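S.K.: Give the three-dimensional model of this entry:
(one chain, ligands or ions: 1)
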Amino acid sequence: MRLATLCFLTRRGRILLMRKKCGIGAGKYTGPGGKIEPGESPRGAAAREVLEEVCVKVLPEDLELMGVCKFHFGRKHFMEVFVFKGTKFSGKPSETEEADPRWFPLRDIPYTEMWEDGRYWLPLLLAGKRFGGTFKFDPSRERLVSHRLRILPSSPSGGRRNP
Ligand code: 8OG
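M.R.: Now for the predicted structure:
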């Protein structure tokens with residue numbers, strides 16, 4: 001099992017996505033994110049990935065945990081992803097070796113160019129709803145075979161406590 005993060009920053013009716021240039025999912029639009037390194041908190045890992053991938057600075061404590069997605073790829077492999085959102089950050093998104101960032105209007109999110117699961121849970125995140133989901137892909141990781149998604153009660157801390 002691998003632990004990873006995804007982070008979605010929004011400002012003035014727009015969302016920051018990036019086209020992934022390498023690795024799993026290259027060519028797709030997604031939020032910045034990646035593997036959680038040993039000793040890192042999910043929140044700390046999310047902030048690090050935002051800086052590394054799109055050169056935007058965000059403080060870990062300014063990120064709000066909105067959901068956890070479990071992705072199964074075939075029978076053996078699965079990944080658990082902590083999904084954050086944030087509105088407080090600094091710096092101008094810029095292209096790196098890993099990613100090409102771009103702002104999209106919230107009304108025009110390119111779901112057909114994203115992982116298939118995003119169309120189910122990203123609208124919940126944007127509506128301020130917390131969620132937990134399980135998504136099963138075929139072993140090629142391209143086709144979503146089944147999914148389960150639950151809206152969770154919102155926490156009094158606004159998701160700012162651990163992790
Ligand atoms: O470090 P690396 O780039 O390999 O991390 C993979 C990133 O891609 C991580 O942020 C989680 C994300 N990711 C997958 N598979 C899937 C998927 O099926 N759906 C979504 N939404 N994100 C995924 O690796």
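S.K.: Is the lengthiest helix in the chain in proximity to the ligand?
M.R.: Among the segments of the chain that qualify as a helix by DSSP state H, the longest is helix 42-54. No: Helix 42-54 does not reach the ligand (C-beta under 6 Å from any ligand atom); its nearest approach is 7.2 Å. For the C-beta atoms, the positions are set from N, CA and C on the backbone; glycine is no exception.
S.K.: Sheet-wise, list the partners of the helix or strand just after that helix with their directions.
M.R.: The C-terminal neighbour of helix 42-54 among helices and strands, as given by DSSP states H and E, is strand 64-73. Partner strands and pairing direction for strand 64-73 (DSSP bridges) are strand 77-86 (antiparallel), strand 130-137 (parallel).
S.K.: Switch those over to JSON lines; also include mean pLDDT.
M.R.: Formatted as JSON lines, those follow (pLDDT from 0 to 100):
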{"stretch": "strand 77-86", "mean pLDDT": "95"}
{"stretch": "strand 130-137", "mean pLDDT": "97"}
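S.K.: Format these as a markdown table; extra columns: mean neighbour count and distance to the ligand.
M.R.: Listed next are the strands paired with strand 64-73 as a markdown table, based on neighbours: other C-beta atoms under 10 Å; distance: least, C-beta to the nearest ligand atom, whole Å:
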| stretch | mean neighbour count | distance to the ligand |
| --- | --- | --- |
| strand 77-86 | 20 | 5 |
| strand 130-137 | 19 | 6 |
